[in-house]
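Visitor: Model the structure of this input:
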Amino acid sequence: MEGQTPGGGGLSEKPVPTATGPGLSSLGAVFILLKSALGAGLLNFPWAFHKAGGVAPAFLVELVSLVFLISGLVVLGYAASVSGQATYQGVVGVLCGPAIGKLCEACFIVNLLMISVAFLRVVGDQLEKLWDFLLPGAPPAPQPWYTDERFTLTLLCAMVILPLSTPREIGFQKHTSILGTLAACYLALVIVAQYYLRPQDLAREPRLASSPSSWTSVFSVFPTICFGFQCHEAAVSIYCSMRRQSLGHWALVSVLSLLACCLVYSLTGVYGFLTFGTGVSADILMSYPGSDGVVIVARVLFAVSIVTAYPIVLFLGRSVMQDFWRRGCGGACGPRALAEPSGPWVRVPLTVLWVAVTLAMALFLPDLSEIISIIGGISSFFIFIFPGLCLICAISVEPIGPRVKCCLEAWGVVSVLVGAFIFGQSTVAAIMELL
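Guide: The predicted model follows:
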């Protein structure tokens, strides 16, 4: 970690809390950051290309978004260095004040909770399609009891997701993140291959959109991109877990991660849209026939990808609850084992509670698609608004030259305004669809 630069000519860096273990390697940080972004949003990108009016408008929106996405990650690393905090909500609370910090924590919990529910919902859908393939039969015929989603999802959470989510440090996820990243890449390759091979079920020529239906349809793609690329909630935790902590090195990790993520998303979006055109489903896998073995493998591997992403989301949500515990009842009363929120006596029950609540919501809420469309706009807070506010507040207390300070303040204001516009536009559009 580089020390603070004397003289105040540039951005300074301060020590931040590091992981108690050996530290996360650069490659491990790239894979965790990449896997944090490669989630359920991958299934929606072909549909987003259709909503944008074709490949060219969608690419333009994606490239503009990529500038803000990378900028937000770099700003969060810098803000973590300035504030000395090891969590996203801690950085925002220290730099922007307690009121903004409370808002960040509320958005953090709601956003991550709904993402976890969406992950389990997607996994449940893929398991249902898998059972339909393995046990074909007429629709009225009853399926065996062990194919019931309530049993399969509960068993999956107890046997796989809970053990993966229990460890104390996020660095443990680097091994499962590699597996999940490869699974997401396989899905992209299947979509590309299906376009060129053209199986008989996909032989018809798709009807492609020649231009956007309206300017609002182009802007409606931004929430999908935000939902797809949202890895910013994990940025501070990953940065503070790294073995080598410097702003330049973190910028390189951020660029490599998001460029690789952009490649996977773009391949999926372009070839999925070119394969089905305006008839593409919001879930690209639902557009393919259920009897295709290659697609079935893609379903299974994508479910694996989502399962490996769930613990990263849980880790971030648990960190907020641990902060609540530390401020509330930690050390106030009870045994010493309950005073440390990262200890097993607090960490494990919080993990079990998170898994149980999200599982119950995924099983018993009838339809989450409209709810998620509203919640999706919250991701703009973590990508645009909070990083912009952190940048403005951080440079106000750092010794920086007037020209650099003016440029950074302007960029922070632009980031906040863009985020507010995306949040407002996506929320209004989602409410209009509900009405």
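
Visitor: From here on, just use CA atoms for contacts and neighbour counts.
Guide: Will do.

Visitor: List the residues that contact residue 35.
Guide: 177, 178, 180, 181, 309 (Cα atoms under 8 Å, 6 or more residues apart in numbering).

Visitor: Distance-wise, check it relative to residue 180.
Guide: Distance, residue 35 to residue 180, by Cα to Cα, to the nearest Å: 7 Å.

Visitor: Need the three-state assignment for residue 277.
Guide: Using DSSP: H, G, I helix; E, B strand; the rest coil, the structure places residue 277 in helix.

Visitor: didn't it look like it was pressed against residue 50?
Guide: Yes - look at residue 277 against residue 50 with Cα atoms under 8 Å: they come within range, at 6.9 Å.

Visitor: and residue 249, that's in a helix?
Guide: Yes - assessed with three-state DSSP, residue 249 lies in a helix.

Visitor: If you tally nearby residues, what's the number for it?
Guide: Per other Cα atoms under 10 Å, the neighbour tally for residue 249 reads 13.

Visitor: Offset the numbering so it begins at 7, please.
Guide: With 7 as the first residue, the last one maps to residue 255.

Visitor: residues touching it, list them.
Guide: So residue 255 contacts nothing (Cα under 8 Å, 6+ apart).

Visitor: tell me the pLDDT at it?
Guide: Among the per-residue scores, residue 255 holds a pLDDT of 89.

Visitor: roughly how far apart are it and residue 261?
Guide: Distance, residue 255 to residue 261, by Cα to Cα: 10 Å.

Visitor: one step back: now for the contacts of residue 41, which pair is the farthest apart?
Guide: 184 and 315 (10.6 Å; Cα to Cα).

Visitor: So between those two, which is more surrounded?
Guide: The neighbour comparison of residue 184 against residue 315 (other Cα under 10 Å) goes to residue 315, with 28 against 19.

Visitor: Remind me what the host helix or strand of the more buried one packs against, helices and strands.
Guide: Using DSSP states H and E, residue 315 sits within helix 299-333. Helices and strands touching helix 299-333, by 3 or more Cα pairs under 8 Å, 6 or more residues apart in numbering; DSSP states H and E, are helix 32-43, helix 104-140, helix 168-171, helix 180-203, helix 350-370.

Visitor: wait, which of those is closest to residue 395?
Guide: Taking those one by one with Cα to Cα, helix 104-140 is closest: 9.4 Å.

Visitor: The closest one - contacts with which helices or strands?
Guide: So helix 104-140, by 3+ Cα pairs under 8 Å, 6+ apart, packs with helix 94-102, helix 155-162, helix 299-333, helix 350-370, helix 375-381.

Visitor: Single out the most deeply packed of these.
Guide: The highest mean neighbour count among the helices and strands packed on helix 104-140, using mean count of other Cα atoms under 10 Å, belongs to helix 94-102: a mean of 24.

Visitor: Can you redo the helices and strands packed on helix 299-333 as TSV, where the extra columns are distance to residue 150 and mean pLDDT?
Guide: What follows is these, written out as TSV (distance: least, Cα to Cα, whole Å; pLDDT from 0 to 100):
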stretch	distance to residue 150	mean pLDDT
helix 32-43	34	83
helix 104-140	10	85
helix 168-171	26	88
helix 180-203	29	81
helix 350-370	18	88
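
Visitor: So, low pLDDT: which residues of the chain?
Guide: Applying pLDDT under 70 to the chain flags the ranges 7-28, 142-149, 176-183, 205-223, 334-348, 372-382, 439-441.

Visitor: Show me the residue at the heart of it, geometrically.
Guide: Taking Cα atoms, centre = their mean as the criterion, residue 236 is the residue nearest the geometric centre of the chain, at 3.8 Å.

Visitor: can you pull the contacts of residue 386?
Guide: Counted by Cα under 8 Å, 6+ apart, residue 386 has contacts 229, 232, 425, 426, 428, 429.

Visitor: Mind doing that once more with 10 Å?
Guide: 228-229, 231-233, 236, 392, 421-422, 424-430, 432 (Cα atoms under 10 Å, 6 or more residues apart in numbering).

Visitor: which of those residues are buried?
Guide: 228-229, 231-233, 236, 392, 421-422, 424-426, 428-429, 432 (16 or more other Cα atoms under 10 Å).

Visitor: Tell me what angle the helix or strand containing residue 70 forms with helix 94-102.
Guide: According to DSSP H and E, residue 70 maps onto helix 61-89. Helix 61-89 runs at 70 degrees relative to helix 94-102, counting by axes from the mean of the first three to the mean of the last three Cα atoms, to 10 degrees.

Visitor: List phi and psi for residue 404.
Guide: phi -110, psi 150 (degrees, to the nearest 10).

Visitor: separation between the nearest residue to residue 194 once chain neighbours are set aside and residue 366?
Guide: Among residues not flanking residue 194 along the chain, residue 274 sits closest, at 5.0 Å (Cα to Cα, 6 or more residues apart in numbering). Distance, residue 274 to residue 366, using Cα to Cα: 31 Å.

Visitor: and what of residue 433?
Guide: Distance from residue 433 to residue 366, by Cα to Cα: 26 Å.

Visitor: Check residue 36 too.
Guide: 32 Å.

Visitor: what does residue 241 give?
Guide: 28 Å.

Visitor: go on, residue 112?
Guide: 21 Å.

Visitor: Residue 427 now?
Guide: 33 Å.

Visitor: a markdown table please, covering the helices and strands packed on helix 104-140 and showing distance to residue 416.
Guide: Shown next, in a markdown table, are these (distance: least, Cα to Cα, whole Å):
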| stretch | distance to residue 416 |
| --- | --- |
| helix 94-102 | 17 |
| helix 155-162 | 48 |
| helix 299-333 | 30 |
| helix 350-370 | 39 |
| helix 375-381 | 28 |
